[in-house]
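Engineer: Next comes the sequence, and after it the predicted model I'd like to discuss.
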Amino acid sequence: MSKDRMYGLIFQELGHVYHQQYGNFDQFEQGENYFLWLLFTEGISMYFEQVLAGNLNYFHQKTNGWLEWCNLHLTTINKDFDNDISKMTTEN
């Protein structure tokens, strides 16, 4: 892993720590709210990472075409998540 990606990962994890200490960190145990909450907390930590990196378009996971693939398939990803969320469990 490159030094830049390692810093990005550290920044993102610091975002989780910050959010847990200073944010409204309600927990949901199961169901749709739990998975929406996970998505929300990842968004908070990603924003934190981008602010610390000084670039709101920064993504430490932008390797091997990952970000481009996600952008290209965003509509399908959103639709699949919406279709699957009512059936999601921590086991699957």
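Structural biologist: Thanks, I have the structure now.
Engineer: which residues sit against the helix or strand harbouring Thr76?
Structural biologist: Per DSSP states H and E, Thr76 falls inside helix 74-84. Here helix 74-84 makes contact (Cβ atoms under 8 Å, 6 or more residues apart in numbering) with Cys70. (Each C-beta comes from the backbone N, C-alpha and C, glycine too.)
Engineer: Any figure for the gap between Met88 and Asn33?
Structural biologist: Distance from Met88 to Asn33, counting by Cβ to Cβ, to the nearest Å: 11 Å.
Engineer: Apologies, that question was intended for Gln20.
Structural biologist: 18 Å.
Engineer: Name the nearest residue to Glu13, sequence neighbours excluded.
Structural biologist: Excluding its sequence neighbours, the residue lying closest to Glu13 (Cβ to Cβ, 6 or more residues apart in numbering) is Ser45, at 7.2 Å.
Engineer: what angle sits between whatever helix or strand that neighbour lives in and helix 74-84?
Structural biologist: Counting by DSSP H and E, the element that carries Ser45 is helix 32-53. Orientation of helix 32-53 against helix 74-84 (axes from the mean of the first three to the mean of the last three Cα atoms, to 10 degrees) gives an angle of 150 degrees.
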